[in-house]
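K.L.:
how would this look folded up:
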Amino acid sequence: MAMNLQTPDEPEVMMDINTTPLIDVMLVLLIMLIITIPVQQHSVNLDMPQSATPQTKKPNVVRIEVDARSVVNWNGKPLADRAALDILLLEAKAQEPQPELHIKAQGKAKYEAVAGVLASAQRQGLTKIGIVGTKQFAAP
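P.N.:
Just a heads-up that it's a prediction; the model follows:
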């Protein structure tokens, strides 16, 4: 025989945890956090450099062309050899401001000649170098 300790008038014992006080505490903490956070600014302050004055003077441009026979031309005048190119590159480096070199190679020019011009310009310390007229080499 089993013994029943519960009287018929008592309510049934609840076995679940009561989460209401936990939720109340969490809401109070959330409100305190919201109140104590400082107001955020919607912008970021950056120290940007001041803009430079635009160039009104066009840069000096030197056109170097390498033709199909790998002859190097300086502004349309053919050069005898690499030494003549080096002398002209040294003179260009001494100019202030440094001129821009626009190097153009024809389609049949040897790579060795074009690479030699680029290497000479770099060796002499010229930094404003551009290769122009490359549309003929683009893939269709």
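
K.L.:
what's the helix or strand for residue 131?
P.N.:
Per DSSP states H and E, residue 131 falls inside strand 129-132.

K.L.:
what pLDDT does the nearest residue to residue 78 once chain neighbours are set aside get?
P.N.:
Nearest residue to residue 78, sequence neighbours excluded (CB to CB, 6 or more residues apart in numbering): residue 71, at 5.3 Å. Quick note: C-beta positions are derived from backbone N, CA and C, even for glycine. What the model reports for residue 71 is a pLDDT of 93.

K.L.:
for residue 18, same thing?
P.N.:
pLDDT for residue 18: 85.

K.L.:
Give me the neighbour count for it.
P.N.:
The local packing of residue 18 (other CB atoms under 10 Å) involves 7 other residues.

K.L.:
mind checking the SS state of residue 104?
P.N.:
Here residue 104 is strand, with the state taken from DSSP: H, G, I helix; E, B strand; the rest coil.

K.L.:
So which other helices or strands are in contact with the strand holding residue 131?
P.N.:
With contacts taken as 3 or more CB pairs under 8 Å, 6 or more residues apart in numbering; DSSP states H and E, strand 129-132 sits against strand 100-105, helix 111-123.
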